[in-house]
Each structure stands twice: as C-alpha cells, then as structure tokens.
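K.L.:
need a 3D model of the sequence below.
(one chain, ligands or ions: 2)
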Amino acid sequence: MITIVFKVGGSVLNQLSPKFYQMLVRLKETETCNPIIVHGGGPEINEALSKMNIETEFVDGLRVTTEEVLNIAEMVMSGTINKRIVASIQSIGGNALGLSGVDGKLLQARQIHNGKLGLVGEIIEVNTEWLSIIMNSGGIPVISPIAIGEDGRRYNVNGDMAAGKVAEAFQSKLILVSNIPGVIESVNGEEMIHHHLTKQQVESKIDSGVIYGGMIPKVRSALASLKSGVAESVILNGLNPDDIKNYLEGKAVGTVLTEREVEHV
Ligand SMILES: Nc1ncnc2c1ncn2[C@@H]1O[C@H](COP(=O)(O)OP(=O)(O)O)[C@@H](O)[C@H]1O
Ligand SMILES: CC(=O)N[C@@H](CCC(=O)OP(=O)(O)O)C(=O)O
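P.N.:
Ligands and ions are numbered 1, 2, ... in the order given. You can find the predicted model right below:
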C-alpha cells in the first residue's frame, strides 16, 4: 500500500473540519493508502511565547530557537497539539499514535546554518522501521517535528521540512495542508493561484518577494523532496476539505510543484 504524508500547518489546525480526519480514517480503512500526519504549530508557539513575554524572530520562515524557546515549542507541539490531533482521529474511530521525532529517534537531526538560528535542525534520517510497524499494525502516525541530534540534543525543525523528509524516506506523495488555496500572486490587482510551479519559478518568486515567510520552507522542502524520488508535492487549502478529495481524484487544485515543466498544467 502506498504512503501519503499529510503536513498539517499550524495555520489551519484548529479550523479543520471533522471531514478532514474522516477522510484520513477512510483512506486507511479502505486500504487506499497509509496516511502519515506531520504537523506544525507556529501560531500556537507564538501565542505561548507571547504569554511568557518571550520575543521571537524568524529568518526566512525559520524560528530562531533558544533552549527556552525549544522547550516551549516542544510543550506546545509534542504535547498539546499532537495529542489533540490523536484525540480527534480516535474520536471518529481511527487509530492514531502520536510521537515526536525524539521518540524512538523517529527523526534524527543536525543543526543548520552553523547554529546561527540556535537549536534549529534539519532531518538527516527518518526511522521508517518504527513508522512501518505502526502503519502495518493499523495505526496512523502523528508526528511532531521536534527531532533528536546525534549529540543527544533536541532540535526545532520546521514542520514542512520534516514532512518533506518523511515523504522522501517513504518515496511518497507529499500533501501540504495550509490555510491558503495554493501559491498566490497578485497580477494587475487581481489575486491568482499558480496551479503549477517549477523549481526555477519558485526561486524567482522568492527573489521577487511573491513567496515570503512560512511559504518559503514550504515550497523549498516540497521541491527538495521531489529530487529524492517523491512523485509529487502539492500545497492545498485544508479549510476546504473537498480540495483534498478532488486532488486525490486527479482534479487540478492547489499548487503542484515539479522539478521541471510538465504538460497538462
Ligand atoms: N505567494 C504566497 N501565496 C500564499 N501564501 C503566501 C505566499 N507567500 C507567503 N505566504 C504566506 O505563507 C503562509 C503559509 O505559511 P505558514 O503560515 O507557515 O502556514 P502553515 O502553518 O500552514 O505551515 C500564508 O498564510 C501566507 O501568509
Ligand atoms: C524551526 C521552525 O521554524 N520551527 C517551527 C515549527 C512549527 C512549524 O513549522 O509550524 P507551521 O507548520 O505551523 O509553520 C516553529 O518554531 O514555528
């Protein structure tokens, strides 16, 4: 059975309709695919930090992470958010197992940018054995992107980047579920969605500022995972559950990312 990695962004987590989880449970029950959820939690981490009067800063969509910030990110993502998703799936009869990248060394990371962003990591290895055991036992893994280093330290990893690496490890499709209908650009005062973007187009839209903030790690990790054999990556609107259904039925929704130009876009 094929695996599909669903990255659920913090932007959309609390607004997802029960239909979303029902669809995942149905995909699993009908043996259409093995879903894996990797989630984020940026807005809730911001909220927790602000309540504690801790300032936070992002560089190209990545949070500068001190030990203090890491502890809060872990509390929010591996604790509250992860268990909330697991409970949502369980409440509709699904069987979910919530873990962070630290558990069972599920996600091994190393520090990036020579530590300039603090305890921010990138995934170097995914423990597919543990994940396969969960999936083969009927479970839906729900993963929080706090990872563990070979040095034994925990690292904060952007959710999109973690999801891209999990998709890469399983050579699976990657569906990035966010609160926008895809990559949007304002042309002559009107907003349009790019239904298809290549690597080259993405880089030029980052340079020109059309793609900014949290969309940067999203598009970059989607493209990076493609290089390693992932069939396709797509950015979809989780606020419209039909988007995902339509996408799985082969209809043109959201923004599909490919290495190069393809026909039928
Ligand atoms: N060209 C773009 N099209 C759509 N959204 C964009 C674009 N560039 C930047 N963004 C921003 O990226 C956000 C999605 O990234 P992020 O907030 O990290 O989402 P998530 O929490 O779902 O991972 C959008 O809400 C929007 O503010
Ligand atoms: C290093 C880094 O930036 N980590 C992210 C992890 C959460 C995340 O990615 O959340 P979204 O998916 O909601 O954006 C952060 O601390 O916000």
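
K.L.:
tell me where this structure has helices.
P.N.:
Assigned helices in the chain, in chain order: 18-29, 42-51, 67-74, 82-91, 128-136, 159-170, 199-207, 215-227, 241-248 (criterion: DSSP state H).

K.L.:
quick one: mean pLDDT for the longest one?
P.N.:
This points to helix 215-227. Across helix 215-227, the average pLDDT comes to 90.

K.L.:
what's it packed up against?
P.N.:
Packing contacts for helix 215-227, counted by 3 or more C-beta pairs under 8 Å, 6 or more residues apart in numbering; DSSP states H and E, involve helix 159-170, strand 173-178, helix 199-207, strand 233-237, strand 255-258. C-beta: built from backbone N, CA, C; applies to glycine.

K.L.:
show me what the longest one is packed against.
P.N.:
Counting by 3+ C-beta pairs under 8 Å, 6+ apart, the packing neighbours recorded for helix 159-170 are strand 3-8, strand 34-39, strand 107-111, strand 121-126, helix 128-136, strand 173-178, helix 215-227.

K.L.:
quick check: which of the ones you listed is nearest to residue 208?
P.N.:
When those are compared by C-beta to C-beta, helix 215-227 sits nearest residue 208, at 12.6 Å.

K.L.:
show me which parts of that closest one are buried, residue by residue.
P.N.:
215, 216, 217, 218, 219, 220, 221, 222, 223, 224, 225, 226 (16 or more other C-beta atoms under 10 Å).

K.L.:
I'd say residue 121 and residue 149 touch.
P.N.:
Yes. Residue 121 is in contact with residue 149 according to C-beta atoms under 8 Å; the separation is 6.5 Å.

K.L.:
which of those two has more neighbours?
P.N.:
residue 121 (27 against 17; other C-beta atoms under 10 Å).

K.L.:
burial measure for residue 102, as a count.
P.N.:
Residue 102 has 19 nearby residues by other C-beta under 10 Å.

K.L.:
now swap in residue 57 and tell me
P.N.:
11.

K.L.:
what's near enough to touch it?
P.N.:
Neighbour list for residue 57: 63, 64 [criterion: C-beta atoms under 8 Å, 6 or more residues apart in numbering].

K.L.:
10 Å instead?
P.N.:
Residue 57 makes contact with 63, 64, 65, 69, 117, 118, according to C-beta atoms under 10 Å, 6 or more residues apart in numbering.

K.L.:
roughly how far does residue 2 sit from residue 214?
P.N.:
Distance, residue 2 to residue 214, using C-beta to C-beta, to the nearest Å: 28 Å.

K.L.:
meant to ask about residue 53
P.N.:
23 Å.

K.L.:
more crowded one of residue 2 and residue 214?
P.N.:
Each of residue 2 and residue 214 has its neighbours counted (other C-beta under 10 Å); residue 214 has more, 23 against 11.

K.L.:
list the contacts for the more buried one?
P.N.:
Residue 214 sits in contact with 9-11, 40, 42-43, 58, 60-62, 158-160, 178-180, where contact means C-beta under 10 Å, 6+ apart.

K.L.:
near ligand 1 too, which of these?
P.N.:
9, 10, 11, 40, 42, 159, 160, 178, 179, 180 (C-beta under 6 Å from any ligand atom).

K.L.:
between the helices and strands packed on helix 159-170, which gets nearest to residue 47?
P.N.:
strand 34-39 (15.7 Å).

K.L.:
helix 128-136 and the closest one, what's the angle between them?
P.N.:
Strand 34-39 and helix 128-136 are oriented at 120 degrees to each other (axes from the mean of the first three to the mean of the last three C-alpha atoms, to 10 degrees).

K.L.:
so which elements touch strand 34-39?
P.N.:
strand 3-8, helix 18-29, helix 82-91, strand 96-100, helix 128-136, strand 140-144, helix 159-170, strand 173-178 (3 or more C-beta pairs under 10 Å, 6 or more residues apart in numbering; DSSP states H and E).

K.L.:
you'd agree residue 128 is up against residue 167?
P.N.:
No. Using C-beta atoms under 10 Å, residue 128 is not in contact with residue 167; the gap is 11.4 Å.
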